[in-house]
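1. My questions concern the predicted model and sequence given below.
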Amino acid sequence: MTVLFGIFLLTLVVITALAIVHTKNLFVAVMLLGIFSLLIAANFFLLDAADVALTEAAVGAGISTVLFLGALALTSERERAATPHRWLSLAVVASATLVVLYATFDKPTFGDPNAPVHQHVAPWYLEKTPEYVGIPNVVTAVLGTFRGYDTLGEVFVVFTAGIGVLFLLSGGGPAGPPKRQARPDGSAIGLRDDLIPRVVARLLVPFILLFGLYVQFHGDYGPGGGFQAGALIAAAFILYALVEGEGRTLEALPRSALMALTVAGALLYGGVGVAGIVLGSEFLDYSVLASNPVTGQQIGIILIELGVGMTVTGVLLSIFHAFAAREQT
Amino acid sequence: MYYAVTIATLVTMALALIRALLGPTVYDRVLSVNMFGTKVVLLLSVIAFLGGRPDFLDLALAYALINFIGVLAVLEFFKSRAARRSAEHNQGKAS
Amino acid sequence: MELVLDIVSWILLSAGGFFVLVGGIGALRMPNLYTRMHAASVTDTMGAVLVLGGVMVQAGLSLAAIKLAAILLFLLITSPTASYALAHSALLAGVKPDSGCAADPEGHP
């Protein structure tokens, strides 16, 4: 029955993707991309991949939509007319699709217990996680310890992306462009003139921040972790910026603090790795962080997840402020 | 027991998608994205709890938060675009 | 006792599913933006209360029930607010509330 639900959702995904490609209006495409991310997140959820579903929902459906709209505010809303006679690109895409479809015929059936991934990879991680790391969530253990270099690379990729966007938009320095508080025609910024969303948002922001911290530290026991928590905390600040205006949000968390948060997160991760060397073992070996190796692993995972969360929050908020500042000037 | 409500929610998600594809004004599409979001929250809650995995309810809560913030961001964006357009229009009329 | 709880939660879930479906059909068939918004937001909240109530009855008194209550409370506070913000924006942008009128003349795409 779950397979039928999955097939239904994937059919909706295909319809949405066709509509996104077909439409010429970019706002419509952004809305449909939000729906697309939601469908994919629901599909991941049906496949029991909760961490991925949470990240996809938080980043893809929420933050990405906001950032795309910020980018659309700086450019035009209609797609440029396509060049006709794109036969070469159509041929390349069609042949690549056929090759990929042919390759899927050799894969094991979905859910087959005799597939190599269920015989060798998965049981190894399921056995070794309680022995080496001792936390219930195997996904966090794989992400944090067994494949720690990968996550280090991801943190530095997010950091580099943030630096790149700020460099391009040139509005991210501590001095920044002069910030005006009112629009050209005198109407207030943000949903400030709407009383109800303002009251509700002010009521909710502390709870969203608390929930973000819960997701951050609960990543060892359930779905959660640094990336999701970073997106949720950034979303809380974005909500505050929407109803109170960007100026007051920058008073609450200035650009210098955002930059410090971003850099500190990446440094924390690298620092934990170097601490492994300093204490006599290899880079990113957490076992030496405490007298008991299993406790050391847990301390290491908490610290690196904190680093990831800090960097993701800092980068997402910096990008949001960069777009918002550009739109005003 | 929960198949009926899951099927109803999935069908409603499909109907909301049709409205997003059809809607003449852009506000129709925002409405359908909002409705889609709350249906996803309901779907996640039902499947999480009644499928035997109560610790996945965090996803439903996070998704409800993100949906709300996303809809407000979109509306704010349309307001600022309309304000900017009317400002340019007034400047164009004055000059 | 188990049977009574099961029957109550079955009734709540079915009623919630019915409201959810009615909302979807209403959003598709109503002639105007505002009538669609009415259908979507009212049935959203009602359906959410019934469905989450039905699942909470199944949960008894546990951490899952508290999380479900938090989701329900959150949806009750934010879903009407989002609908209000949407209607307000649409009115300010000039979409007319005449019945049968599908789009405003300047055509927001």
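-> Received it, and whenever you're ready, just let me know what you need.

2. where's C:A82, which helix or strand?
-> helix C:63-93 (DSSP states H and E).

3. again, but for A:F283
-> Going by DSSP H and E, A:F283 is not in any helix or strand.

4. And the nearest residue to it once chain neighbours are set aside, how close does it get to chain B?
-> Distances taken as Cβ to Cβ, 6 or more residues apart in numbering or on different chains place A:G273 nearest to A:F283, at 4.8 Å, with adjacent residues excluded. Placement of C-beta: from N, CA and C, glycine included. A:G273 is 29 Å from chain B, where distance means Cβ to the nearest Cβ, to the nearest Å.

5. who touches A:G273 in this structure?
-> A:G273 is in contact with A:G148, A:L152, A:F283, A:L284, counting by Cβ atoms under 8 Å, 6 or more residues apart in numbering or on different chains.

6. Any idea how many residues pack against the first one?
-> Residue neighbour count, defined by other Cβ atoms under 10 Å in any protein chain shown, stands at 22 for A:G148.

7. I'd assumed A:I304 was in contact with it.
-> Yes: with contacts counted by Cβ atoms under 8 Å, A:G148 reaches A:I304, the gap being 7.2 Å.

8. pLDDT weak spots in chain C?
-> C:99-109 (pLDDT under 70).

9. again, 90 this time
-> Scanning chain C for pLDDT under 90 picks out the ranges C:1-3, C:5-6, C:9, C:26-36, C:38-39, C:44, C:55-68, C:85-109.

10. which parts of it sit against chain A?
-> Proximity of chain C to chain A, by Cβ under 8 Å from any Cβ of the partner chain, involves residues C:I77, C:T78, C:T81, C:Y84, C:A85, C:H88, C:P109.

11. What's the local residue count around the nearest residue to A:G225 once chain neighbours are set aside?
-> Nearest residue to A:G225, sequence neighbours excluded (Cβ to Cβ, 6+ apart): A:G219, at 3.5 Å. Neighbour count of A:G219, defined by other Cβ under 10 Å: 28.

12. On the three-state scheme, A:G219 is what?
-> Secondary structure, DSSP: H, G, I helix; E, B strand; the rest coil: A:G219 is helix.

13. With adjacent residues omitted, what lies nearest to A:F227?
-> A:T55 (5.2 Å).

14. er, A:V272 actually
-> In space, A:V272 is closest to A:L303, 5.0 Å off (Cβ to Cβ, 6+ apart).

15. where does that neighbour land on pLDDT?
-> Note on A:L303: pLDDT of 91.

16. so which strand or helix has it?
-> Per DSSP H and E: helix A:293-328 holds A:L303.

17. now swap in A:V30 and tell me
-> Here A:V30 is assigned to helix A:26-46, by DSSP H and E.

18. picking up where we left off before, just the buried residues from the contacts of A:G273, in PyMOL please.
-> Remark: buried members of these, expressed as a PyMOL selection using 16 or more other Cβ atoms under 10 Å in any protein chain shown:
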select buried, chain A and resi 148+152+284
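
19. Quick one: residues contacting residue 13.
-> Since you didn't name a chain, this refers to chain A. A:F36, A:L39, A:I40, A:N43.

20. should've been chain B
-> A:L12, B:F36, B:K39, B:V40, B:L43, C:G24.

21. for the residue nearest to the spatial centre of chain B, what are its contacts?
-> By Cα atoms, centre = their mean, chain B has its centre lying nearest to B:N34, at 2.1 Å. B:N34 makes contact with B:N67, B:V71, C:A40, C:S79, C:A82, C:S83, C:L86, according to Cβ under 8 Å, 6+ apart.

22. Count the neighbours of the fifth one for me.
-> Look at C:A82: counted by other Cβ under 10 Å, it has 26 neighbours.

23. my read: it touches B:V74, true?
-> No: counting by Cβ under 8 Å, C:A82 does not reach B:V74; the two are 10.0 Å apart.

24. so which helix or strand takes in the spatially most central residue of chain C?
-> Chain C has C:D44 as the residue nearest its centroid, 0.4 Å off, counting by Cα atoms, centre = their mean. Using DSSP H and E, the element containing C:D44 is helix C:33-59.

25. Tell me what angle the host helix or strand of B:V40 forms with helix C:33-59.
-> In the assignment (DSSP H and E), B:V40 maps to helix B:26-50. Interaxial angle, helix B:26-50 versus helix C:33-59 (axes from the mean of the first three to the mean of the last three Cα atoms, to 10 degrees): 10 degrees.
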